[in-house]
Every structure is written in structure tokens, then in C-alpha cells.
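J.: Below is the structure, and that's it, no one-letter string:
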């Protein structure tokens with residue numbers, strides 16, 4: 001409906017805030033202004049790095065137990081499996097067709113380079 005979230009007189013919400021209230025969404029990633037009323041429907045994260053247009057908000061699970069594997073929860077298992085398969089495939093391609101670059105001389109180094117590229121870490125040491 002093109003709305004971020006407006007509270008209706010009956011207490012329900014429209015837009016993204018409504019999706020969070022009805023638990024139709026676990027997380028939204030958008031420029032969402034934190035207000036007191038919206039904070040009663042969803043939890044907002046504290047931004048470590050200021051960004052003009054990006055923020056994450058999610059509904060906290062009702063369980064108070066710490067979940068050490070919580071970072072994998074936003075994606076389904078098939079998404080993680082596909083990611084691992086792609087990293088392995090691209091690593092093999094780099095190893096097979098490395099064009100003489102020393103960084104691709106072994107499968108392990110090709111794998112580390114591919115994981116670093118996927119995580120936007122880049123290359124720490126350039127071969128001379």
C-alpha cells in the first residue's frame with residue numbers, strides 16, 4: 001500500500017509496521033523513523049554506522065534464551081546451501097582458470113578469496 005506504517009484508530013497498523021505487528025514479516029530493511037508508537041510494535045536496532053537511507057528493524061523472538069546461531073536465521077537453509085555451493089563452484093573456477101595469479105595457486109587460497117569477495121573483505125596481501 002506504499003505506507004511505512006500508520007496506526008489506525010482500532011489499534012492496527014498499515015504498511016510495514018502492520019506486517020511486523022501481524023508477524024507477517026520478521027524483519028524490514030528500510031529508512032524507518034523510530035517513534036514511540038512504532039517501538040511498541042517492533043524493535044529497532046542501534047546503527048553502528050550512520051547511513052542516510054538504510055536501517056534494519058526486526059521483531060524480537062519471545063524466547064529470552066541466547067541463540068548463538070541467530071545470524072543464520074534470516075535466510076532459509078536452501079539459501080545457505082546455495083551460497084556454499086556457489087562459493088565452492090567459483091573457487092574451483094578460480095583455481096582452474098587463475099591465469100597464473102599466485103593467489104589462485106591452491107584450492108584453499110581460491111576458496112578464501114571467494115569468501116572474502118562475497119563478504120566484501122577484499123584481498124589483504126597483493127602478490128609481488
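T.: Received the coordinates, thanks. Since the structure is predicted, the reported quantities are computational estimates derived from the model, not experimental observations. Numbers count the residues shown, from 1 in each chain.

J.: residue nearest the centroid of the chain?
T.: A centroid search over the chain (Cα atoms, centre = their mean) returns residue 74, at 7.0 Å, as the residue closest to the centre.

J.: so how far is residue 91 from that one?
T.: Using Cβ to Cβ, to the nearest Å, one obtains 24 Å as the distance from residue 74 to residue 91. Using the backbone N, CA and C atoms, a C-beta is placed for each residue, glycine as well.

J.: same deal with residue 83?
T.: From residue 83 to residue 91 the distance is 12 Å (Cβ to Cβ).

J.: picking that back up, for the residue nearest to the centre of the chain, give its distance to residue 26.
T.: 7 Å.

J.: likewise residue 79?
T.: Using Cβ to Cβ, residue 79 is found at 14 Å from residue 26.

J.: How about residue 81?
T.: In terms of Cβ to Cβ, residue 81 sits 20 Å off from residue 26.

J.: Please apply the same query to residue 6.
T.: Note on residue 6: its distance to residue 26, by Cβ to Cβ, is 21 Å.

J.: likewise residue 93?
T.: From residue 93 to residue 26 the distance is 34 Å (Cβ to Cβ).

J.: Longest helix in this structure, by number of residues?
T.: Looking across the chain with DSSP state H, the single longest helix is helix 77-96.

J.: Now do the helix or strand following it: distance to the chain's middle.
T.: Where DSSP states H and E defines the elements, the next helix or strand beyond helix 77-96 is helix 107-118. Centroid displacement of helix 107-118 relative to its chain, using Cα atoms, centre = their mean, to the nearest Å, is 20 Å.

J.: and helix 107-118, average pLDDT?
T.: For helix 107-118, the mean pLDDT works out to 78.

J.: gap between residue 15 and residue 44?
T.: Where residue 44 is concerned, residue 15 sits at a distance of 15 Å (Cβ to Cβ).

J.: shaky segments in the protein?
T.: Applying pLDDT under 70 to the chain flags residues 1-2, 46-67, 98-104, 122-128.
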